[in-house]
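K.L.:
Sequence isn't available, so here's the structure alone:
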């Protein structure tokens with residue numbers, strides 16, 4: 001008899017925990033089997049429905065993901081992570097109204113759910129509401145000061161507000177926490193570029209490309225730097241590489 005015999009054995013929590021282990025190892029097939037077994041034993045195990053929904057979402061199956069999240073919050077209306085996950089699905093569908101409702105419910109249940117505050121900040125940010133976006137980012141960082149994505153997002157917000165000094169501080173903090181995020185290095189390079197600090201800008205673009213060799217925008221901006229200093233040969237090489245990677249000039 002193999003691991004998945006026809007008759008479920010063990011308790012639901014054990015199967016759920018096995019599924020989580022498989023999930024974390026990237027073995028989605030066995031993870032799904034374990035979550036299904038957990039639910040077969042205990043159809044009211046909300047966390048198993050939530051994690052099953054996460055599997056579906058990662059596979060791009062938004063319909064079944066939403067069904068699982070809906071079942072999770074039906075069983076446990078106070079499962080904050082499931083409300084947050086539902087908000088993520090609505091975000092991907094471009095439904096900002098329902099996304100905000102889900103995120104509001106998530107932080108109402110768990111005011112210390114940093115990811116939900118970060119997502120709320122992103123939603124306000126996209127709506128042009130810089131004040132509330134900053135409040136949400138600050139709350140996320142109050143909960144988790146090492147949340148690199150939030151430092152990056154806060155830097156982007158300061159960038160849009162033309163506050164270059166604070167934008168740089170945020171990018172620096174994000175890089176301190178996660179030195180391998182290409183977008184942060186690129187944005188930092190763009191700040192230096194706009195300030196006329198070509199040497200620092202090139203170092204940042206180089207680091208972004210080192211992390212992600214297919215970062216078309218970084219290749220192009222590097223080409224612009226070469227152009228500005230009269231190095232037509234290297235400028236062409238970089239811009240050609242950018243176009244090869246799909247970059248289109250506006």
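P.N.:
Here it is on my side, so go on. Owing to the predicted nature of the structure, the values given are computational and were not obtained by experimental measurement.
K.L.:
Report the separation between the residue lying closest to residue 229 once chain neighbours are set aside and residue 185.
P.N.:
Leaving aside its sequence neighbours, residue 229 sits nearest to residue 198 (Cβ to Cβ, 6 or more residues apart in numbering; 6.7 Å). Where you see a C-beta, it was placed from the backbone N, CA and C, and this is true even at glycine. To residue 185, residue 198 is 16 Å away according to Cβ to Cβ, to the nearest Å.
K.L.:
correct me, but the residue nearest to residue 229 touches residue 228?
P.N.:
Yes: using Cβ atoms under 8 Å, residue 198 is in contact with residue 228, at 6.7 Å.
K.L.:
before we move on, back to that, ok, the residue nearest to residue 229 - how many residues close by?
P.N.:
The number of residues packed near residue 198 is 15, by other Cβ atoms under 10 Å.
K.L.:
and what of the one 3 residues further on?
P.N.:
Other residues near residue 201 come to 23 when the count uses other Cβ under 10 Å.
K.L.:
Helix or strand for it, just tell me which one.
P.N.:
Applying DSSP states H and E as the criterion places residue 201 in helix 198-211.
K.L.:
Spatially nearest residue to the residue most central in space within the chain (excluding sequence neighbours)?
P.N.:
In the chain, the residue lying closest to the centroid (Cα atoms, centre = their mean) is residue 149, at 7.2 Å. Spatial nearest neighbour of residue 149, excluding adjacent residues (Cβ to Cβ, 6+ apart): residue 118 at 6.4 Å.
K.L.:
Quick check: buried residues in the helix or strand that that neighbour is a member of?
P.N.:
Assigned by DSSP H and E, residue 118 falls within helix 114-126. Buried residues in helix 114-126, counted by 16 or more other Cβ atoms under 10 Å: 114, 115, 116, 117, 118, 119, 120, 121, 122, 123, 124, 125.
K.L.:
For that helix, which helices and strands make contact with it?
P.N.:
If contacts are counted by 3 or more Cβ pairs under 8 Å, 6 or more residues apart in numbering; DSSP states H and E, helix 114-126 sits against helix 80-92, helix 96-109, helix 130-143, helix 148-160.
K.L.:
Tell me which of those lies nearest to residue 215.
P.N.:
Closest approach to residue 215 among the helices and strands packed on helix 114-126 is made by helix 148-160 (15.1 Å; Cβ to Cβ).
K.L.:
from the chain's centre, how far out does the closest one sit?
P.N.:
Relative to its chain's centre, helix 148-160 lies at 13 Å (Cα atoms, centre = their mean, to the nearest Å).
K.L.:
do the same with stretch 180-190
P.N.:
Distance, stretch centre to chain centre, for stretch 180-190: 15 Å (Cα atoms, centre = their mean).
K.L.:
residues in contact with it?
P.N.:
Taking contacts as Cβ atoms under 8 Å, 6 or more residues apart in numbering, the residues outside stretch 180-190 that touch it are 148, 152, 155-156, 159, 167-168, 171-172, 174-175, 178, 200-205, 207-209, 211-212, 215, 217-218, 221.
K.L.:
which of the residues you listed count as buried?
P.N.:
Buried, going by 16+ other Cβ under 10 Å: 148, 152, 155-156, 159, 167-168, 171, 174-175, 201-202, 204-205, 207-209, 211-212, 215, 217-218, 221, out of these.
K.L.:
Verify the contact between residue 225 and residue 199 for me.
P.N.:
No: counting by Cβ under 8 Å, residue 225 does not reach residue 199; the two are 9.2 Å apart.
K.L.:
Looking at the two, which one has more neighbours?
P.N.:
Comparing residue 225 with residue 199 by other Cβ under 10 Å, the one with more neighbours is residue 225, at 21 against 8.
K.L.:
Please tell me how far that one sits from residue 185.
P.N.:
Residue 225 is 14 Å from residue 185, by Cβ to Cβ.
K.L.:
which residues touch residue 113?
P.N.:
80, 81, 84, 106, 107, 143 are the contacts of residue 113 under Cβ under 8 Å, 6+ apart.
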